[in-house]
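**Student:** Next one to model:
(2 chains)
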Amino acid sequence: MTQAEIKLCSLLLQEHFGEIVEKIGVHLIRTGSQPLRVIAHDTGTSLDQVKKALCVLIQHNLVTYQVHKRGVVEYEAQCSRVLRMLRYPRYIYTTKTLYSDTGELIVEELLLNGKLTMSAVIKKVADRLTETMEDGKTMDYAEVSSTFVRLADTHFVQRCPLVATTESSDPGLPPPAPTLVINEKDMYLVPKLSLIGKGKRRRSSDEDAAGEPKAKRPKHTADNKEPIPDDGIYWQANLDRFHQHFRDQAIVSAVANRMDQTSSEIVRTMLRMSEITTSSSAPFTQPLSSNEIFRSLPVGYNISKQVLDQYLTLLADDPVSLDLNSLYKDLHKALACLATATLESVVQERFGSRCARIFRLVLQKKHLEQKQVEDFAMIPAKEAKDMLYKMLSENFISLQEIPKTPDHAPSRTFYLYTVNILSAARMLLHRCYKSIANLIERRQFETKESKRLLEKSQRVEAIIASMQATGAEEAQLQEIEEMITAPERQQLETLKRNVNKLDASEIQVDETIFLLESYIESTMKRQ
Amino acid sequence: MASRGGGRGRGRGQLTFNMEAVGIGKGDALPPPTLQPSPLFPPLEFRPVPLPSGEEGEYVLALKQELRGAMRQLPYFIRPAVPKRDWRRLPRELKIRVRKLQKERITILLPKRPPKTTEDKEETIQKLETLEKKEEEVTSEEDEEKEEEEEKEEEEEEEYDEEEHEEETDYIMSYFDNGEDFGGDSDDNMDEAIY
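**Tutor:** Okay, the predicted model is just below:
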């Protein structure tokens, strides 16, 4: 883990879970897997606080545990999973666009709590929705659970690994050793369960859903202390599926930008058809015949078969590959295109359009000498040199040496400029992590500066709210509002604007991070 | 520096590269000496692209801020513990906390066993939270008195004592709890602590 990533993880953990969890989490990320006592000893925190922190981290899927020999349990942190916390708003918003408010709240509850049973989720979401509805109306559990079932069907939520059923253990002693044995089996069973669970999950969740609403409605008025029907079956949000969705969205919008709306619809249909058949990390989608695509096009599009074929041939030179009658989408190539586009736009924004021209030129021609760059780009030598060196120093462009003589003498060597997309993407990703860390720190700094003012305004708001509730006069409310002077109000406005800007920038950088990470991951899998 | 040092025998003041190629011609004046520290931020040559605004951007922004606030309120947000006091200096009636501490330790031992379902963890976390809140209520009154009385040295001593105190009780508690692993555990940790 690079320093930048660790710093970012530390900031995220601190913001969301507090300092103690942050200390433990960062320590685990830095040092790999460790047992409980070593963590407590190395970080200098008390044992019970370490325990609390580890509970929280495990609950949120940020730390996993493993049993080793002699019954020692070791804990390991997942750095990349911590970085996903930046993307929570995007996951929730996506669910909102797909499944409206109910789905949005379901995913939000799952993300905020890490793992929950289905019944717990449904109950919480129904309560929240009821609050926002008009007086007298309540949210029916059945509707919420049907949305939950749909989310499970499309793989957006998945089951957590289950605890293995305990076989006949010693009833007498409270067993530290036997529980650890069960723990091993539990780890053993986990992959089987979740794999089979993916197929069966729909049926089992259907059973749950069918059983529950009927059981829920009479129980709704009864005591809450009755045993929950799906005890021990926990659900979590399936982040990989969301990533697949984002990737598809990015590809579709890129195609829409390059060509027109219809071709993007075709690509969207192709991707949707292969959504559940391909796993999220496959480099190619399943081959499809043009007939299948024709049949699956959304109803509104009345294009004839020939037009469709023409579109498909047009798309063929882009990320879509045409192979006889079957078409498959080279997802890796698509990701590479997106990553390259990101690099290009970064160069353009940082160095100007002429640099971007040189960059695109080198990308296209793969290897170019200094003189050739000047000629092709039609930029005077001095400026071209300057720009090339600038990009070289920032590692967007690299130099390839081709010696003419075995002694590698500089005067007798070709120096070619080239763009190595993978390493440039890695460099940019590292920079992104640093930028987000900077953004978060700056936001915290700004908030801390005006902390006193913020507290004062919060108190005033609380007073106003309570006075309005008890029914106060206009004059009194005015008086209290004037407690905050005009320059203070100005300061608050500036603060709010700055914080909003910083937050929006974080979200933006996270989108870039997603593209670059997907590209790098897909490239590494190929090798 | 290296080139100058190396060139001492062969010809002073010679550089390994051609100065003209870099851009400094012969007889040209060197750039003026810098008299102030370099500016805090490098000069921004190009204006950045505007951030995404519009419905989607604002909704996601509001969502993000809401989530941040919500996570602070959840029980998963662990606040740093209140420092423990030196009991010799306080009236004995405030010592109720010691029993609460022990209760805390007993309930905390449950989460230590990983295979237990997370339901237990949630319950214990909630229990811990309520206990902590009670602690905070009790100590908030003490705080004001304490701040006037205590000096720094005493605080340091207190914390040092308190750590020893805690470790001792932990040691004892674990001795009763993991009777079988007691000797084995410490040996294991010794081995692992070395690397």
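
**Student:** So B:Leu30 belongs to a strand, correct?
**Tutor:** No - counting by DSSP: H, G, I helix; E, B strand; the rest coil, B:Leu30 is not part of a strand but coil.

**Student:** how many neighbours does it have?
**Tutor:** A count of neighbours around B:Leu30, defined by other CB atoms under 10 Å in any protein chain shown, yields 6. In this view, the C-beta of every residue, glycine as well, is placed from N, C-alpha and C.

**Student:** Centre of the chain to stretch A:108-123, how far?
**Tutor:** Centroid displacement of stretch A:108-123 relative to its chain, using CA atoms, centre = their mean, to the nearest Å, is 18 Å.

**Student:** Now do the end-to-end distance for that stretch.
**Tutor:** Separation of the first and last residues of stretch A:108-123 by CA to CA, to the nearest Å is 13 Å.

**Student:** mean confidence score for it?
**Tutor:** Mean per-residue pLDDT for stretch A:108-123: 85.

**Student:** So is it next to chain B?
**Tutor:** Yes - Stretch A:108-123 comes into contact with chain B (CB under 8 Å from any CB of the partner chain), by way of A:Glu108, A:Leu112, A:Asn113, A:Gly114, A:Lys115.

**Student:** Dump these to TSV, plus secondary structure and neighbour count.
**Tutor:** Compiled in TSV, the residues of stretch A:108-123 next to chain B are given as follows (DSSP: H, G, I helix; E, B strand; the rest coil; neighbours: other CB atoms under 10 Å in any protein chain shown):
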residue	secondary structure	neighbour count
A:Glu108	helix	24
A:Leu112	helix	19
A:Asn113	helix	20
A:Gly114	coil	20
A:Lys115	coil	22
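
**Student:** Let's have these in CSV, adding distance to A:Val362.
**Tutor:** Shown next, in CSV, are those (distance: CB to CB, whole Å):
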residue, distance to A:Val362
A:Glu108, 45
A:Leu112, 46
A:Asn113, 49
A:Gly114, 46
A:Lys115, 49
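
**Student:** Going by distance to A:Phe351, which of those residues wins?
**Tutor:** A:Glu108 (40.4 Å; CB to CB).

**Student:** I figured that closest one hits A:Ile92, correct?
**Tutor:** Yes - at 5.0 Å, A:Glu108 counts as touching A:Ile92 under the criterion of CB atoms under 8 Å.

**Student:** what touches both of the two?
**Tutor:** Counting by CB atoms under 8 Å, 6 or more residues apart in numbering or on different chains, the contacts common to A:Glu108 and A:Ile92 are B:Leu67.

**Student:** just to revisit the earlier point, for A:Pro406, state which of the residues of stretch A:108-123 next to chain B is nearest.
**Tutor:** Using CB to CB, A:Gly114 comes nearest to A:Pro406 of these, at 60.9 Å.

**Student:** and the nearest residue to the closest one once chain neighbours are set aside, backbone torsions?
**Tutor:** Residue nearest to A:Gly114 in three dimensions, not counting chain neighbours: A:His60, with 3.7 Å by CB to CB, 6 or more residues apart in numbering or on different chains. Main-chain dihedrals, A:His60, degrees, to the nearest 10: phi -100, psi 20.

**Student:** pLDDT weak spots in the stretch 1-150 of chain A?
**Tutor:** Scanning the stretch 1-150 of chain A for pLDDT under 70 picks out A:71, A:135-138.

**Student:** any idea which helix or strand comes after the one helix or strand in chain A whose mean pLDDT sits lowest?
**Tutor:** The weakest-scoring helix or strand in chain A, judged by mean pLDDT, DSSP states H and E, is helix A:176-221 (a mean of 30). Of the helices and strands lying after helix A:176-221 in sequence (DSSP states H and E), the nearest is strand A:234-237.

**Student:** Contacts for that following strand, please.
**Tutor:** Strand A:234-237 is contacted from outside by A:61, A:91, A:107, A:110-111, A:114-118, A:121, A:152, A:156-160, B:118, using CB under 8 Å, 6+ apart.

**Student:** tell me the contacts of A:Leu399?
**Tutor:** By CB under 8 Å, 6+ apart, the contact list for A:Leu399 reads A:Leu392, A:Tyr415, A:Leu416, A:Tyr417, A:Thr418.

**Student:** Taking the residues you listed together, which two end up most distant?
**Tutor:** A:Leu392 and A:Leu416 (12.1 Å).

**Student:** the more surrounded of these two?
**Tutor:** Comparing A:Leu392 with A:Leu416 by other CB under 10 Å, the one with more neighbours is A:Leu416, at 19 against 13.

**Student:** and the helix or strand where that one lies, which residues are buried?
**Tutor:** Element membership of A:Leu416, judged by DSSP H and E, is strand A:413-418. By 16 or more other CB atoms under 10 Å in any protein chain shown, the buried positions in strand A:413-418 come out as A:Leu416, A:Tyr417.

**Student:** Please state the offset of that strand from the chain centre?
**Tutor:** Strand A:413-418 sits 39 Å away from the centroid of its parent chain (CA atoms, centre = their mean).

**Student:** Show me what that strand is packed against.
**Tutor:** Secondary structure elements in contact with strand A:413-418, counted by 3 or more CB pairs under 8 Å, 6 or more residues apart in numbering or on different chains; DSSP states H and E, are strand A:367-369, helix A:370-377, strand A:398-403.

**Student:** CA atoms of that strand as PDB?
**Tutor:** Taking Å, rounded to 0.1, in the frame of the first residue of the first chain, the C-alpha atoms of strand A:413-418 are listed here in PDB:
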ATOM      1  CA  THR A 413      21.500   6.400 -29.500                       C
ATOM      2  CA  PHE A 414      18.000   6.900 -30.600                       C
ATOM      3  CA  TYR A 415      15.700   8.500 -28.000                       C
ATOM      4  CA  LEU A 416      12.100   7.900 -28.700                       C
ATOM      5  CA  TYR A 417       9.200   9.400 -26.900                       C
ATOM      6  CA  THR A 418       6.400   7.000 -26.100                       C
END
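
**Student:** need the next SSE after it, C-terminal direction.
**Tutor:** By DSSP H and E, the next helix or strand past strand A:413-418 is helix A:421-449.

**Student:** Now look at that following helix and say if it contacts chain B.
**Tutor:** No - against chain B, helix A:421-449 shows no contacts by CB under 8 Å from any CB, the least distance being 10.0 Å.

**Student:** I appreciate the help and will end here.
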